[in-house]
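# the following comprises the amino acid sequence and a computationally predicted model.
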Amino acid sequence: MTWEDVVRLVKTLPEVEEGTSYGTPGLKVRGKFLTRLRPEDDSLVFLEVGFDERDLLIEADPETFHYTAHYKDYPAILARLSRLDDETALHFLERRWRAVAPKRVVATYDAARQSLKPA
């Protein structure tokens, strides 16, 4: 996966905008942090990941998931782009998007998706 793949995936969610975070490429929703690229280890930052979940992810797949001392005390995990697949990336990105996007935007998005499901 590349940064361009991440942008393509996340642009399926409403109101996502490209920008920068800590001087690196980032994605936001109305100015609120969604994710950013860590070029020093070619990883994405995923927030909204509790410590227990983080430990399980690292134990299950240490080649993909990791964290640095900076993130030790934050509910966050890093994921190496070279090992990340679309489904996993979208899972974490959509979870964070739901936490920061306006509630009416999330409700409209969910309603549109429901209307596409077969009866």
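Done, it's in.

# mind checking what secondary structure Glu63 has?
What DSSP: H, G, I helix; E, B strand; the rest coil gives for Glu63 is coil.

# what helix or strand is Glu40 located in?
Assessed by DSSP states H and E, Glu40 sits outside every helix and strand.

# give me the number of residues near it?
8 (other Cβ atoms under 10 Å). C-beta here means a position set from N, CA and C on the backbone, and glycine is covered the same way.

# identify all contacting residues around the lowest-mean-pLDDT helix or strand in the chain.
Lowest on mean pLDDT, DSSP states H and E among the helices and strands of the chain sits helix 103-116, with a mean of 88. Contacts with helix 103-116, where a contact means Cβ atoms under 8 Å, 6 or more residues apart in numbering, come from Leu13, Pro14, Glu15, Trp97, Arg98, Ala101.

# for the spatially most central residue of the chain, give me its contacts.
Against the mean C-alpha coordinate of the chain, by Cα atoms, centre = their mean, the closest residue is Leu93 at 2.8 Å. Leu93 makes contact with Val6, Leu9, Val10, Leu13, Leu27, Leu34, Thr35, Phe46 under the criterion Cβ under 8 Å, 6+ apart.
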